[in-house]
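sharing a sequence plus its predicted fold:
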Protein chains: 4
Amino acid sequence: MDYQAILNVIEKELEHFDPGGKVPDYIPELAKIPANKFGMHLYCLNGDDFCFGDHDERFSIQSISKVFTLALAKKHGGKKIWKRVDVEPSGDPFNSLLQLEKEKGIPRNPFINAGSLVIADILISELDNPKEQLLEFVREISDDPSIEYDKKVAASENEHGYRNIALVNYMKALGNIENDADDILDFYFHQCSIAMSCRQLAKAFIIFANEGKTLNTNKKVIGANSAKRINAIMQTCGFYDEAGEFSFRVGLPGKSGVGGGIVAIHPGEYSVAVWSPLLNEKGNSEKGMKALEELTSLTGLSIF
Amino acid sequence: MDYQAILNVIEKELEHFDPGGKVPDYIPELAKIPANKFGMHLYCLNGDDFCFGDHDERFSIQSISKVFTLALAKKHGGKKIWKRVDVEPSGDPFNSLLQLEKEKGIPRNPFINAGSLVIADILISELDNPKEQLLEFVREISDDPSIEYDKKVAASENEHGYRNIALVNYMKALGNIENDADDILDFYFHQCSIAMSCRQLAKAFIIFANEGKTLNTNKKVIGANSAKRINAIMQTCGFYDEAGEFSFRVGLPGKSGVGGGIVAIHPGEYSVAVWSPLLNEKGNSEKGMKALEELTSLTGLSIF
Amino acid sequence: MDYQAILNVIEKELEHFDPGGKVPDYIPELAKIPANKFGMHLYCLNGDDFCFGDHDERFSIQSISKVFTLALAKKHGGKKIWKRVDVEPSGDPFNSLLQLEKEKGIPRNPFINAGSLVIADILISELDNPKEQLLEFVREISDDPSIEYDKKVAASENEHGYRNIALVNYMKALGNIENDADDILDFYFHQCSIAMSCRQLAKAFIIFANEGKTLNTNKKVIGANSAKRINAIMQTCGFYDEAGEFSFRVGLPGKSGVGGGIVAIHPGEYSVAVWSPLLNEKGNSEKGMKALEELTSLTGLSIF
Amino acid sequence: MDYQAILNVIEKELEHFDPGGKVPDYIPELAKIPANKFGMHLYCLNGDDFCFGDHDERFSIQSISKVFTLALAKKHGGKKIWKRVDVEPSGDPFNSLLQLEKEKGIPRNPFINAGSLVIADILISELDNPKEQLLEFVREISDDPSIEYDKKVAASENEHGYRNIALVNYMKALGNIENDADDILDFYFHQCSIAMSCRQLAKAFIIFANEGKTLNTNKKVIGANSAKRINAIMQTCGFYDEAGEFSFRVGLPGKSGVGGGIVAIHPGEYSVAVWSPLLNEKGNSEKGMKALEELTSLTGLSIF
């Protein structure tokens, strides 16, 4: 498969594609990113890689970090995490709160904010230095020690994160939070602030396409079964209430973030990251989704 | 892969597995089925097949029929069906009604009852003899002219289908139903009453594993792209509010019915049907799910 | 109290008041009513009466009829009706369906559609000729044998009443409906179609201001306690999700209908009916509410 | 009317009445109160008063304080408070959060927690020393300078008030909170901690029965119109999702608190307070409601 030729077609086709939508304005630091950034990077399991555009520029990975923290929690917290968070799609943007009340503080899945806050709580209980250890984990799977938290972005979220403060306190009232709300929010705002490029993300996500093994070192950092199950959750829950649409159009497990990034993987084949900051009304990068739809159309390959 | 050996292991392992749960009692004809029925049938794309237990006994396919009517509507109604029904998981059992109100009569996906009633409405508008043509379609893809509606089951649902009458009238009030409620319900209760064995179901579902082509005749009955997209919807929406759980545990697209049947497919590999009448509280065959979980564990293969 | 002088002030003040809003278009027969109709009629317990404008013209009482059927059900069904319908405000327009699911088919109160359909079901079970007996009851308390169903309006609702068909079937599925859906809907559409003038409504509602006794004959048609309790329900539930607003601005128990009528009572003092067809977005006559607000402001009297 | 004789009957009748239910355990300080406390105090507008039992023992007024803060906000914030809080019943215990999302941070009424937190926010913006001024206001209308905050109770709520922290932050995210969450919660937990006896509460609430004037000094502390409107809100929203039931059974405006107190008023006649700590599942004092139901039954008087 000549992936570079296919990426070239995608870059060309979408050069003048206007996705509409907007850059999120509720996180001031993100509102400053130029809307026309566009890049893509794909790593095959054999190490070949292909790319175009702003693929080497770092951006705020935001909710994509929820996959990293889930993988880390699986390593350290094991199966008990599934007693505190479910694996079902949430169905609805506002459900998070209504649903928490109905289901006694158990978030619907680890990729909605409530769920990722519970994962953060678990990591704080299990790890000695949670923020450091998360960064080490991401650096290890990316084979790139230069990855850092963006302190400005973390501070920016901290100031305006009232909704997340509400969520964590609400779950504490319902008995599903162990640690101090402030510690959890500090960790959560840091995980969201990690800055990575498409290249770094694609390399890091190889572990999910490769039965838990990293690209460069072939080290098994999570179990093959964990990788498979995290893929299943990405497939059904990776795109808020647009998970079905992504599955329908693209046909790969993936995860998006409000920084405009999307990562998707084809198990046994490749992992791919795309970046375009303009978000549709569901909060996903519209041009990124389009690029990935083209990728599976042009390659003729999806998991389905 | 020695599928027969694997099926033998599953049969043996689950021989004394007590799934709990119960046979649905709201459809009197279904309440009569012996709870201990258990059978499985798997067809590979090359035509090899493997089986055990009650794999040749016919049962009421119920909601599994929603995949057949969706495929038929895609053939005859084309893309316009996606204006009247969405492709997102519903998230919640009661959402069907709340969600319909919020989203102006557009059901969340074609596999919840509301969505399948809209698909029925489309088929009634598009086809000359919808009930006959649905039966012909199912007979064609199964290569089995003996498949029939079970009139007793259809009549039994008709008498007690108040919730479906409510749904179709509610959507009519919201402007998303064209035909008479009675005609739609008559069609819908008939589609659910189709009686098929595991063998017949597995053979019929090969079209979704085989890019739209039937097993015996290799005839393309739906487009490869349609097959891929229907698989994606099965993956995210095939098991009511347990779709995430099935995806997580089994890792294949599939569809269940309250008759105790489940069909799943591995694109490019096989299709498989399993039958065990006892349902868990989410309305899915617990033993059937367990059998499919074992299948992907023992083969080491899933789409993830 | 010089009520006629006060009514004259109200008529004059509101002569050029433009309430905005619109005549309901989902019932074709109601859509034909001229929007500028305006009339008011007040009866004191001593039989004195005061009026202005279109107070003698009959209009469709619609949901105001729910108070009559509740009073009749209290006479014939006694306390057992409170096992099948609650007395709490519904809080929310769409709640009717969500709430029914959560609360197992028990409507929140007898003045939302679901609740009044249960009351209709009770009357059909308890009475030999429910439609005739309802009409007799309304004629008796109004002391006016000319009151009739408007068959055109009843037929008009029948054709387009999909939402009510949905409600009654949904409650039947949940076990809170005894009779055939068609019979209940026929009764319900008839009760809503009753045509009455402000004069007739004000006279009929005297029973609620007068401890259950009619104006002209002083006959006790319902118990004093029943009258008091129906008043309490009108106070908290008489105006859909604008009950609090009416209570806040007017301070009297009352009931509105989408025909543009509102009736209110001051226990021990008077009953009053007003008619103006333009409805606000909550479905209540905006000019009617304004007129009643002026009435309690100018008289300085409310129950609070 | 011989109120003392009637109160004696109530005391006797309910001597052995077992209301079931329980003392709230989520506020540790309240969990210590003996369940068998029972007292009642009634003040007529002419100053006569009647009582029995533990009528002079102080308890935590909790949500009854919401009426005091609303009255104070009306004095200082005027009509603009109705842009930030509505006057409709909430219909549902969990609605507070779902409803806030739907209605953009505008609480349904000032007597649900969310609404009272907005009132607290308004008072903090309007007053120089909000906590001192609230206490002065309550002391003035009770004509009793000994009324105090219970610092232990306030601290006890502070530690466990995660749900209220969630609410205030959630509304801040939706733009309906001006001040710091911590300041609002400190004020709110203090208002709830005020300790008063039935005698003090009955005397304080005379202002709502007496067109805004205090009992002893006859000073107009709020407008007659404000008093009337606050009564209307108590009538429709004073008892969480049991407001309809209280209106139905008792027929007076009132307000309950989880400390087991209930205050009710008959405009132009009297105000009455009752205390019994055991709460039913809706969070209201069951014996207190029963006592007030008996009071309006035995006197034959209610506002209806």
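Yep, it's here. Numbers count the residues shown, from 1 in each chain, chains lettered A, B, ... in the order given.

okay, now the residue nearest to A:Arg84 when sequence neighbours are not counted: neighbour count?
Closest residue in space to A:Arg84, ignoring its immediate chain neighbours: A:Val118 at 5.3 Å, by Cβ to Cβ, 6 or more residues apart in numbering or on different chains. All C-beta atoms are positioned from the backbone trio N, CA, C, and that covers glycine. Neighbour count of A:Val118, defined by other Cβ atoms under 10 Å in any protein chain shown: 26.

A:Val118 contacts A:Phe111, correct?
No. The criterion here is Cβ atoms under 8 Å, and A:Val118 misses it with A:Phe111 at 11.4 Å.

how close does the residue nearest to A:Arg84 sit to chain D?
15 Å (Cβ to the nearest Cβ, to the nearest Å).

helix, strand or coil for that residue?
Secondary structure for A:Val118, judged by DSSP: H, G, I helix; E, B strand; the rest coil, is helix.

let me see the contact set for it.
A:Ile81, A:Arg84, A:Val85, A:Pro107, A:Pro110, A:Met171, A:Asn176, A:Ile177 (Cβ atoms under 8 Å, 6 or more residues apart in numbering or on different chains).

give me the pLDDT for it.
Confidence at A:Val118, expressed as pLDDT, is 97.

residue contacts, A:Gly257?
Listed by Cβ under 8 Å, 6+ apart, the contact set of A:Gly257 reads A:Ser60, A:Ile61, A:Gln62, A:Ser63, A:Ile64, A:Ser65, A:Cys192.

restricted to helices, list the residues you listed.
Among these, the members found in helices (DSSP state H) are A:Ser65, A:Cys192.

which residues of the stretch 51-200 of chain A lie near chain B?
By Cβ under 8 Å from any Cβ of the partner chain, the residues of the stretch 51-200 of chain A that approach chain B are A:Asp86, A:Val87, A:Glu88, A:Pro89, A:Ser90, A:Gly91, A:Asp92, A:Asn95, A:Gln99, A:Arg108, A:Asn109.

any idea which of these is least confident?
A:Asn95 (52).

is it true that A:Asp143 touches A:Asn218?
No. Between A:Asp143 and A:Asn218 there is no contact, the gap being 11.0 Å when judged by Cβ under 8 Å.

can you tell me the SS state at the nearest residue to A:Asn8 once chain neighbours are set aside?
Nearest in space to A:Asn8, with sequence neighbours left out and distances taken as Cβ to Cβ, 6+ apart, is A:Phe52 at 6.8 Å. Secondary structure state of A:Phe52, per three-state DSSP, is strand.

count the neighbours of the residue of the stretch 1-150 of chain A found nearest chain C for me.
Relative to chain C, the nearest point of the stretch 1-150 of chain A is A:Lys102 (9.2 Å; Cβ to the nearest Cβ). A:Lys102: 14 surrounding residues under other Cβ under 10 Å.

what do you get for A:Asn231?
Look at A:Asn231: counted by other Cβ under 10 Å, it has 26 neighbours.

can you pull the buried residues of the helix or strand containing it?
For A:Asn231, the host element (DSSP states H and E) is helix A:224-237. For helix A:224-237, burial by neighbour count (16 or more other Cβ atoms under 10 Å in any protein chain shown) applies to A:Ser226, A:Ala227, A:Lys228, A:Arg229, A:Ile230, A:Asn231, A:Ala232, A:Ile233, A:Met234, A:Gln235, A:Thr236, A:Cys237.
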